[in-house]
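Enquirer: how would this look folded up:
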Amino acid sequence: MIFVNFTFYVSDQNDIQNCTFIWDDGLNQTLVPPTLTNNANNTFNLSNIANGVHNWTVNCTDIFDRTTTADNRNFTVDTLQPFVNL
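Expert: Coordinates of the predicted model:
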């Protein structure tokens, strides 16, 4: 089983209302205070990730409903053993 921690840093001069984890272009999880901490690293956890190319990002909204989305990040999961034919 593949288990990955996705860590992001959020910082705003105002309090953060929420941050949402976007996985393969769909909403996946949302953190809110006190689980979400301003001016600190925060983590989303995901398991059972299928083989293939995936993307993720995070958007965060402050208490004044201003939202910012981080750049998309891509990575590949490959749990298949190589095949060798001699």
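
Enquirer: Show the end-to-end separation of stretch 24-40, please.
Expert: 25 Å (C-alpha to C-alpha, to the nearest Å).

Enquirer: just stretch 77-86 next, same as before
Expert: Using C-alpha to C-alpha, one end of stretch 77-86 lies 27 Å from the other.

Enquirer: Same question for that stretch: list its buried residues.
Expert: Within stretch 77-86, no residue qualifies as buried by neighbour count (16 or more other C-beta atoms under 10 Å). Where you see a C-beta, it was placed from the backbone N, CA and C, and this is true even at glycine.

Enquirer: How many neighbouring residues does C60 have?
Expert: When neighbours are counted by other C-beta atoms under 10 Å, C60 registers 22.

Enquirer: in the strand or helix carrying it, what counts as buried?
Expert: Here C60 is covered by strand 52-62, with elements defined by DSSP states H and E. Across strand 52-62, burial judged by 16+ other C-beta under 10 Å covers H54, W56, T57, V58, C60, T61, D62.

Enquirer: Grab the nearest non-local neighbour of A50.
Expert: Excluding its sequence neighbours, the residue lying closest to A50 (C-beta to C-beta, 6 or more residues apart in numbering) is V77, at 6.9 Å.

Enquirer: just checking, the one you found touches S47?
Expert: No: under the criterion of C-beta atoms under 8 Å, V77 makes no contact with S47, lying 11.6 Å away.

Enquirer: what touches both of those two?
Expert: Counting by C-beta atoms under 8 Å, 6 or more residues apart in numbering, the contacts common to V77 and S47 are I2.

Enquirer: follow-up on the earlier one: gap between the residue nearest to A50 and D62?
Expert: According to C-beta to C-beta, to the nearest Å, V77 stands 33 Å off from D62.

Enquirer: Could I get the contacting residues of the closest residue to F44 other than its chain neighbours?
Expert: Among residues not flanking F44 along the chain, F21 sits closest, at 4.1 Å (C-beta to C-beta, 6+ apart). If a contact means C-beta under 8 Å, 6+ apart, then F21 has F6, L27, N28, Q29, T30, L31, F44, L46, W56, V58 as its contacts.

Enquirer: Give the bridge partners for F21, please.
Expert: Legend: beta-bridge partners of F21 under DSSP bridges are Q29, V58.
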